[in-house]
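*Asks:* following is a predicted model, sequence given first.
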Amino acid sequence: MIKPVLLWTDVLIFVLVAIVVVFALYARYHEHLRAPWRQVFRSRTGVASLLVLSLYVLIALLDSVHFRLPLATKVGAAQATAITQQQDHYSVEVLSLLDMVVKPLREQGEKTYSAPLATELFARETVESADGGQQRLYPRLRYGGAHLEDPAADRKMDLFKRSVVAILSALLLWLVLMTLLLRLLARRRQLSLALMLDNILHQRESVPWVVVVLVSALLLVLIMLMMQLAPHYHLFGTDKVGQDVLYQALKSIRTALAIGTLTTLVMLPFAVLLGILAGYFRGWVDDVIQYLYTTLNSIPGVLLIAAAVLMLQVYIDTHAELFATDAERADMRLLFLCLILGITSWTGLCRLLRGETLKIREVEYIQAATAFGVRSSRIISRHILPNVMHIVLISVVLDFSGLVLAEAVLSYVGVGVDPSMHSWGNMINSARLEMAREPMVWWALVAAFIFMFVLVLAANLFADVVRDAFDPRLRKG
């Protein structure tokens, strides 16, 4: 039996998923919330970016289910017969469901650097020949292209065949999924398959299904290419210790999403509560809250984060007995980084909510409720809070990409996540020295850049669509 490992960030990630599900169910039965989201799903940009973000979220959730595998030990019997039985001993290595899915990437390590799709090491080594002499050559990789008898002659044809198989498999799977989707839509609309297909092709549906179909086809092709090539080649090469760079990039997705989402859980209560209180009560309450976030803004954020992370590192080093595995120690530093980023990033949203609340409290229905003696808590919860939620949602979505980039910058300067944890910032930090080699080792930096660029671009595009849908000044009728 495997031993589940529940990290703090795992708990918070699934709590956040539960909150999103509850909010979706709540918004489904309230038209004022459902209408803006309907506009989001009618946008081609919104649907395309949401599909890409969903793939990232799926990978992060798979990487958030952690466990430890049991160790099998041999015990001698009375007649000195060795038998194998399971003991209550588990491996110190913490794995996730993603590690099981991409097991070949995790286990097929090389000796050192190898270029993308290569079959030989990146650097020459001195190898003894059969006659006892020595020669400098590029040694074969242990796993990359190991199935080829003559890599120089067979590699290109093998890559071509596997790519064709991947594309054909993706298209076949895509046809099956699209057929099921078409039948489902036709049944819901009570139309024939031919008429439903004609509506989709001529864009008569409210949802841009053509965009869904095209983006889904592209994602399936990329996934099938990885599934066909990754077990036999290193798509993005290997790093200095021979670990697959694609594996590192995939594992870094959870770190980026954790930074971008868990920080929101920390930041929102401060920003919403203090911003509304400052704008509604004004007077000395407003002065105290303004003094608080002005003082916090005057402290350089990087210095505050660096000091907090170094204090935590000292605590971890002096209380090593509290952490059973390296994963728990790295997870505590990730959680603490989310807390620090949340504490230092709530001031901007708080200022926006304060200004919006100052405006809302002067409208007629708020003045009437105050005149009738309605409690302030009820006015805030029933009238002010719903009218500032569009600002909250827009700010959260817009700040997500900024937090992802902040993790990369902090890890680059050495005050981000634990060095043992996979993150794009750590990959970029490691690539800093590799770029100075001759010849240059560029693929780790390119892999981190591609994965980060796609995530941030999709998040920014989705944020623009959400802003247009929820901003009352821009909302379409």
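*Replies:* Yep, that arrived.
*Asks:* residue 350 - that's part of a helix, no?
*Replies:* Yes: residue state for residue 350 (DSSP: H, G, I helix; E, B strand; the rest coil) corresponds to a helix.
*Asks:* I'd guessed it sits against residue 270; true?
*Replies:* Yes: if you go by CB atoms under 8 Å, residue 350 and residue 270 touch, sitting 6.9 Å apart. (C-beta placed from N, C-alpha, C; glycine too.)
*Asks:* ok, residue 12 touching residue 259?
*Replies:* No: the criterion here is CB under 8 Å, and residue 12 misses it with residue 259 at 11.7 Å.
*Asks:* which one's more surrounded, the two?
*Replies:* The residue with more neighbours, out of residue 12 and residue 259, is residue 259; 28 against 18, by other CB atoms under 10 Å.
*Asks:* number of residues surrounding the nearest residue to residue 101 once chain neighbours are set aside?
*Replies:* Spatial nearest neighbour of residue 101, chain neighbours left out: residue 62 (6.4 Å); criterion: CB to CB, 6 or more residues apart in numbering. Residues lying near residue 62 (other CB under 10 Å) number 18.
*Asks:* cool, and residue 89?
*Replies:* 12.
*Asks:* do residue 355 as well
*Replies:* The number of residues packed near residue 355 is 15, by other CB under 10 Å.
*Asks:* give me the distance between residue 350 and residue 405.
*Replies:* Per CB to CB, to the nearest Å, residue 350 is found 22 Å from residue 405.
*Asks:* tell me which of those two has more neighbours.
*Replies:* With neighbours defined as other CB under 10 Å, residue 350 and residue 405 compare such that residue 350 has more, 25 against 18.
*Asks:* got a pLDDT number for the more buried one?
*Replies:* The per-residue pLDDT reported for residue 350 equals 91.
*Asks:* then residue 417?
*Replies:* You'll see residue 417 listed with a pLDDT of 84.
*Asks:* ok, it touching residue 411?
*Replies:* Yes: using CB under 8 Å, residue 417 is in contact with residue 411, at 5.7 Å.
*Asks:* list residues touching both of the two?
*Replies:* Both residue 417 and residue 411 are contacted by 423, 425, 426, under the criterion CB atoms under 8 Å, 6 or more residues apart in numbering.
*Asks:* who wins for most neighbours among those residues?
*Replies:* Among the shared contacts of residue 417 and residue 411, residue 423 has the most neighbours (other CB under 10 Å), with 29 neighbours.
*Asks:* leaving out chain neighbours, which residue sits closest to that one?
*Replies:* With CB to CB, 6+ apart as the criterion, residue 423 has its nearest non-adjacent residue at 4.2 Å, and that residue is residue 255.
*Asks:* and the one you found, what does it touch?
*Replies:* If you count contacts by CB under 8 Å, 6+ apart, residue 255 has them with 334, 407, 417, 421, 422, 423, 424.
*Asks:* do residue 200 as well
*Replies:* So residue 200 contacts 182, 185, 209, 210, 213 (CB under 8 Å, 6+ apart).
*Asks:* tell me the SS of the first one?
*Replies:* To tie it back to what came earlier, the one meant is residue 182. helix.
*Asks:* that one contacts residue 196, correct?
*Replies:* Yes: at 6.0 Å, residue 182 and residue 196 qualify as touching, with contact defined as CB under 8 Å.
*Asks:* higher neighbour count, those two?
*Replies:* The neighbour count for residue 182 versus residue 196, taken as other CB under 10 Å, is higher for residue 196 (23 against 17).
*Asks:* with just CA atoms, put the one helix or strand the more buried one maps to into CSV.
*Replies:* For residue 196, the element it lies in under DSSP states H and E is helix 193-201. Listed next in CSV are the C-alpha coordinates belonging to helix 193-201 (Å, rounded to 0.1, in the frame of the first residue of the first chain):
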residue,chain,number,x,y,z
LEU,A,193,-26.1,16.0,-36.8
ALA,A,194,-25.9,17.6,-40.2
LEU,A,195,-27.8,20.7,-39.2
MET,A,196,-25.7,21.0,-36.0
LEU,A,197,-22.5,20.7,-37.9
ASP,A,198,-23.7,23.4,-40.4
ASN,A,199,-24.5,25.7,-37.4
ILE,A,200,-21.0,25.2,-36.0
LEU,A,201,-19.2,25.7,-39.3
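*Asks:* in that helix, what's buried?
*Replies:* 196, 197, 199, 200 (16 or more other CB atoms under 10 Å).
*Asks:* then stretch 239-257?
*Replies:* Across stretch 239-257, burial judged by 16+ other CB under 10 Å covers 239, 242-257.
*Asks:* repeat for stretch 379-397
*Replies:* Buried residues in stretch 379-397, defined by neighbour count with 16+ other CB under 10 Å: 379-380, 383-385, 388, 390-397.
*Asks:* tell me the mean pLDDT for it?
*Replies:* In this model, stretch 379-397 has an average pLDDT of 83.
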